[in-house]
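*Asks:* need a structure here:
(2 chains)
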There are 2 protein chains.
Amino acid sequence: VHKSSAKTIGIVGGGQLGRMLTQAAIPLGFKVLVIDPNVPSPAAQVGAEEITAEFTEAEAIKKLAKKADYITIESEHIDAKTLDEISKLGVPINPSPKTVQTLQDKLLQKNFLKEKGIAVATFAEIKNSEDAKKTLKKFGGQMVLKTRHGGFDGRGNALVKNAEELKKALIQFDGKLLYAEKVVAFKKELAVIIARDMKGNIKIYPVAETIHERNICQQVIVPARVSASATKKALLLAKKVARYLSGAGVFAIEMFLTNDGKVLVNEIAPRVHNSGHFTIDACATSQFEQHIRAIAGLPLGETTLLTPAAVMVNILGERSGEVDLRGLDKALELPHTSVHLYGKSPTKIDRKMGHITALGDSAEEAIKLALLARHNLSV
Amino acid sequence: VHKSSAKTIGIVGGGQLGRMLTQAAIPLGFKVLVIDPNVPSPAAQVGAEEITAEFTEAEAIKKLAKKADYITIESEHIDAKTLDEISKLGVPINPSPKTVQTLQDKLLQKNFLKEKGIAVATFAEIKNSEDAKKTLKKFGGQMVLKTRHGGFDGRGNALVKNAEELKKALIQFDGKLLYAEKVVAFKKELAVIIARDMKGNIKIYPVAETIHERNICQQVIVPARVSASATKKALLLAKKVARYLSGAGVFAIEMFLTNDGKVLVNEIAPRVHNSGHFTIDACATSQFEQHIRAIAGLPLGETTLLTPAAVMVNILGERSGEVDLRGLDKALELPHTSVHLYGKSPTKIDRKMGHITALGDSAEEAIKLALLARHNLSV
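*Replies:* This is a model prediction of the structure:
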């Protein structure tokens, strides 16, 4: 074995995001070390070394810091204080612990956005059931009750429309810190991936349209099928948000295009994001390479879309059990269709097992291809 | 660890080609097992398992066959008879051992092409120094003396222009089987990557222009800067060659565009090829994914170029010693430029350490970017 001057990227989390970050980092000459409880994790299957531990473990994060030249995270739901301690020891961590701390608590996130003058849905802290009842009334008889921490893929969200549903939701979220949002009447959900380098330069990806079912991202359509004016508003909003975020890296800004044509920020994730997977096949620089560039102090790449339209659909598990891949031939016989599996096993209902990206001359063409490929494939 | 129904691709060779094949195979749900003498080989660094052995070892190839569902090769310079034995045991091997046997001996290859009516440079077998002298005279006082086996990146080629040079070359190649080719006066060297699936369907990539120095590929420019008529001739020739090749997989057809406007086949490689690396960043399906699809009995993907022009330059080693990557920031600050390092160490003069691909609106723009990126980078 030869000595090597290669720098190591440490990633807290070795799931599909850690995997695709690893796939982007290695060709740039980096080594990758991940923390993940699974052996081999999706990231380790593509060349990352692995520290086997829960990625919330402070000790594992400290171990990672000893070996890594740069640290990043796969999920914002980790111990930001541990990251802060480590960054004080001189290991560059991005996104910055401060940003993680603000964004991982959705109430803090909402307050932060409101403070900066960024449009968000009306929201209120919910400290107890009295608060909850009052807010439900104030918000017009319906609201989304949300946990402040740890919610993703719809976990930690409950739409409540009456006292009965509110009671159930409060039992469901018992013991958790909560807040509520007024229901937004929206035409579309949009997402914009942005990247910040260490000098504060910004790159913005094309506006994507996202379609959720059961609160899980199902489809991402690029460019979003909205008016030029809505696209412009989304890009301006993304730029505004980018100015207020500190630290380097990729950020995903999920937005609502409301029925009356306004664009609001729904949620910000300080990381590569499901709504940006299309960039692997469709853009000059993938969000994963972009993130690696950003956190390693390298210049950002171009975000140009290389095709008129791209559509990503998730491959969500449809049963419980060992993976049994079928229909790959039928998926791949569709033109301009790429399959990205994550190496996870077992499959579970709604577990993110992979994704498909189709390129097309129009969104309609790409949607048709992507859905048909998804239909043809089973895991 | 969970059981998995994943199929295994076995690759004889885990260098940069094995690495890029691995990077393409894993997202399609395959496992990869390579034979390579280096630990970790470039392929093992991106998730392949490894049998540590010289890839010419028959025993290692047999071991590979026991574990793999599909076998392929990184180099045609391997024991085709061993492959043939294994294929008789029922393991699908592509390219087919028959094709490998024909193409790995350049004299057999030339005879095969001539027999099929495919235009090649005038050639002659050289059995002894008498033959050599006669042929030199017959070919007009200059010729390229070549070893029939094992030559790549210029090793095994010698341009001889007089008796003195011939004598030197014969000493250099002492003990090797030889043949000679008449020197072709060419305007450009071209290369076309083609793929054949198991049903015999063919996909053809855009015609590339290749620039060699010291007999090593330096630059690949797509589309080739030649007349529409020359492009058409190259594509027709590629199609004709494709018809006569047996077995599935990617093939690279290197050609000469002669001074008088003819297109001749120079050499065929039954594998993914340096002249097709641009397809990773620039085409709908990379040559690596295409090869995996082909050998695993999957349908071929589209070969569309997603950008007006793409240029690949090799990152060749410029010294001997441990790798010391510098200037990555200066390479990546150029727009639409991707860096692909192979994880090899140490570096050596002219060793293929990686490649750079630049996309552009014109070949000129992409050449400028790719060369500047290469200039800025040192390994």
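*Asks:* partners of the spatially closest residue to A:Gly140 that is not a sequence neighbour in the sheet?
*Replies:* Using CB to CB, 6 or more residues apart in numbering or on different chains and skipping residues adjacent in sequence, the residue nearest A:Gly140 is A:Lys182, 7.3 Å away. Every C-beta, even on glycine, is put in place using the N, C-alpha and C of the backbone. Beta bridges link A:Lys182 to A:Met143, judged by DSSP bridges.
*Asks:* Would you map the strands across the stretch 101-250 of chain A?
*Replies:* A:123-126, A:143-147, A:157-160, A:178-182, A:186-196, A:202-204, A:208-213, A:216-222, A:249-258 (DSSP state E, counting those that start in this stretch).
*Asks:* any idea which of those strands is most buried?
*Replies:* Highest mean neighbour count among those (mean count of other CB atoms under 10 Å in any protein chain shown): strand A:249-258, with a mean of 25.
*Asks:* what does the helix or strand that it is followed by rub up against?
*Replies:* Following strand A:249-258 in sequence order, the next helix or strand is strand A:263-269 (DSSP states H and E). Residues from elsewhere that reach strand A:263-269 (CB atoms under 8 Å, 6 or more residues apart in numbering or on different chains): A:76, A:103, A:106, A:109, A:113, A:118-121, A:184, A:189-190, A:230, A:233-234, A:237, A:241, A:245, A:251-258.
*Asks:* thinking again about what came up before, export the strands of the stretch 101-250 of chain A as CSV, with columns for mean pLDDT and distance to B:Cys283.
*Replies:* Shown next, in CSV, are the strands of the stretch 101-250 of chain A (pLDDT from 0 to 100; distance: least, CB to CB, whole Å):
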stretch, mean pLDDT, distance to B:Cys283
strand A:123-126, 97, 46
strand A:143-147, 95, 44
strand A:157-160, 93, 41
strand A:178-182, 96, 44
strand A:186-196, 97, 23
strand A:202-204, 97, 24
strand A:208-213, 95, 23
strand A:216-222, 95, 19
strand A:249-258, 98, 25
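*Asks:* Quick one: closest of those to A:Ile315.
*Replies:* Nearest to A:Ile315 among the strands of the stretch 101-250 of chain A is strand A:216-222; the distance by CB to CB comes to 10.5 Å.
*Asks:* Let me know the angle separating that closest one from strand A:186-196.
*Replies:* Strand A:216-222 runs at 80 degrees relative to strand A:186-196, counting by axes from the mean of the first three to the mean of the last three CA atoms, to 10 degrees.
*Asks:* Starting from strand A:216-222, tell me which strands it pairs with and how they run.
*Replies:* Using DSSP bridges, the strands paired with strand A:216-222 are strand A:208-213 (antiparallel), strand A:309-316 (antiparallel).
*Asks:* Quick check, pLDDT for A:Asp153.
*Replies:* You'll see A:Asp153 listed with a pLDDT of 64.
*Asks:* again, but for A:Ser87
*Replies:* For A:Ser87, pLDDT reads 86.
*Asks:* just checking, it touches A:Asn94?
*Replies:* No - here A:Ser87 does not reach A:Asn94: they are 9.2 Å apart, not a contact under CB atoms under 8 Å.
*Asks:* Who has more neighbours out of these two?
*Replies:* Higher neighbour count among A:Ser87 and A:Asn94: A:Asn94, with 28 against 18, using other CB atoms under 10 Å in any protein chain shown.
*Asks:* ok, that one to A:Ala24 distance?
*Replies:* Separation of A:Asn94 from A:Ala24 (CB to CB, to the nearest Å): 15 Å.
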